[in-house]
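**Q** Build me a model:
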Amino acid sequence: MIKLTQGGLPLYKFHNLNRFPELVHFVTTREGGISIDGDLSLNLGFHSSDSDVNVLENRRRLAEAVSIPLDRFTHQVQVHSSNIMVVDSCHRGMGSLNQESAIQHNDGMVTATEDICLMTKSADCVPILLYDPVERIAAALHAGWKGMVQNIAGKGVAKMVELGSNPTNILVGIGPSNGPCCYEVGTDVEEAVFAEFGTLKGLLVAGKGARLHLDQWEANRRQLIAAGVLPKNIEVAEICTQCNHHEFYSARMNASGRFVAGILMKAD
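**A** Numbers count the residues shown, from 1 in each chain. Next up is the predicted model:
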C-alpha cells in the first residue's frame, strides 16, 4: 500500500487501484479527528460510545481531505452477513449524516454509477475494494469471518459480473485487518472455515498459544481467485490492525472506533 498525507489526514491507497485517474479510493487511519478515549481520534462510525457531533466532524474532515462532498458518502449498517446490494443514484449519500438513513442489514455494495462513494467500516474485519476499469464497476465489501465463511468476496465478484464485469478485469485491494500473526480463533471458526473451504491448510495457522490463528487475507484471496479474479490483480495490504492498533482501530485491542475504506468513480 501507499501511505500519504492528503488534506492533513494520513491515508492509505492500493498500488493497483491508484493507477486509474478516474478512481478515488482510500483507507483511513485513526489519526486526525476529534474523538476521545476508545474512539481516538478519527472515528467514522456512529455508535453509542461516541457523539454524533464528533463523527460528523470527522466525516467532514475526511470529505474535505479527499475532495468528495459529504453527501456522496454512502454507508451501510454492517451485520456480518454476505448481503450485497447494487446501489445507484437513489442510494447516493445514504447514511452519510446518521445511522438511521444508512443501507440496513448489508455488508457489500456494488455500483456502476459514478459519483457515489461506497464506504465500508472496520476495526479488525477485512475491508475489500474492487474495481473493473473496463466496464467501470466498483464495489466495497465488509468481510468479517462470518461473512467470509459465507463467501462474501466471491459473491461480490458475482454481483459485479451480473452488471457486466469479466472477473479477469477486476482489480482488488484487501485492506488492513487482523492478521494471521494475531487473529486467534476458537473451534467454531475452525469448523466454519473447514465447511467453506474443505481444508484448514494455509488458513488456520499455529499461534503463540494453544489456539490457531485465522489468515483472513488468504481466505478472501482464495475466494476471489475461485470467482475468477486473477491472482496478479489482488493486492493484500498485509497490515495487521491488532499489531498496529495505534494507527488503526482494533476491537480486540479495546478500540471502539471505526476506520473506513472508500471507493468512488469520478463523473466525466
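**Q** next structured bit after the helix or strand bottoming out on mean pLDDT in the chain?
**A** Across the helices and strands of the chain, mean pLDDT, DSSP states H and E gives its lowest value to strand 204-206, namely a mean of 95. Later in the chain than strand 204-206, the nearest helix or strand by DSSP states H and E is strand 212-214.
**Q** So what touches that next one?
**A** The contact list for strand 212-214, computed with CB atoms under 8 Å, 6 or more residues apart in numbering, reads 145, 178, 180-185, 189-190, 193, 200, 203-207. Glycine gets a C-beta too; all of them are placed from N, C-alpha and C.
**Q** contact partners of the least confident helix or strand of the chain?
**A** Outside strand 204-206, the residues within contact range by CB under 8 Å, 6+ apart are 180, 185, 190, 193, 212-215.
**Q** elements contacting the helix or strand that contains Leu129?
**A** According to DSSP H and E, Leu129 maps onto strand 126-132. Contact analysis of strand 126-132 by 3 or more CB pairs under 8 Å, 6 or more residues apart in numbering; DSSP states H and E lists strand 23-28, strand 117-122, strand 137-143, helix 152-162, strand 171-174, helix 216-226, strand 259-265 as its packing neighbours.
**Q** Run me through the strand neighbours of it, direction for each.
**A** Sheet pairing of strand 126-132 (DSSP bridges) gives strand 137-143 (antiparallel), strand 171-174 (antiparallel).
**Q** Need the CA coordinates for the shortest one. PDB is fine.
**A** Same thing as strand 171-174. What follows is strand 171-174 as a C-alpha-only set of coordinates in PDB (Å, rounded to 0.1, in the frame of the first residue of the first chain):
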ATOM      1  CA  LEU A 171      -8.700  -5.400  -9.500                       C
ATOM      2  CA  VAL A 172      -8.900  -6.000  -5.800                       C
ATOM      3  CA  GLY A 173      -7.400  -4.400  -2.600                       C
ATOM      4  CA  ILE A 174      -7.600  -6.400   0.600                       C
END
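**Q** and the residue lying farthest from the centre of the chain, how far is that from Thr187?
**A** Distance from the C-alpha centroid of the chain peaks at Ala210, with 29.6 Å (CA atoms, centre = their mean). As judged by CB to CB, to the nearest Å, Ala210 and Thr187 stand 11 Å apart.
**Q** Check Cys117 too.
**A** Separation of Cys117 from Thr187 (CB to CB): 39 Å.
**Q** Repeat that for Ala102.
**A** Between Ala102 and Thr187 the distance is 34 Å, computed by CB to CB.
**Q** more crowded one of those two?
**A** Neighbour totals were compared for Ala102 and Thr187, and Ala102 leads with 19 against 9 (other CB atoms under 10 Å).
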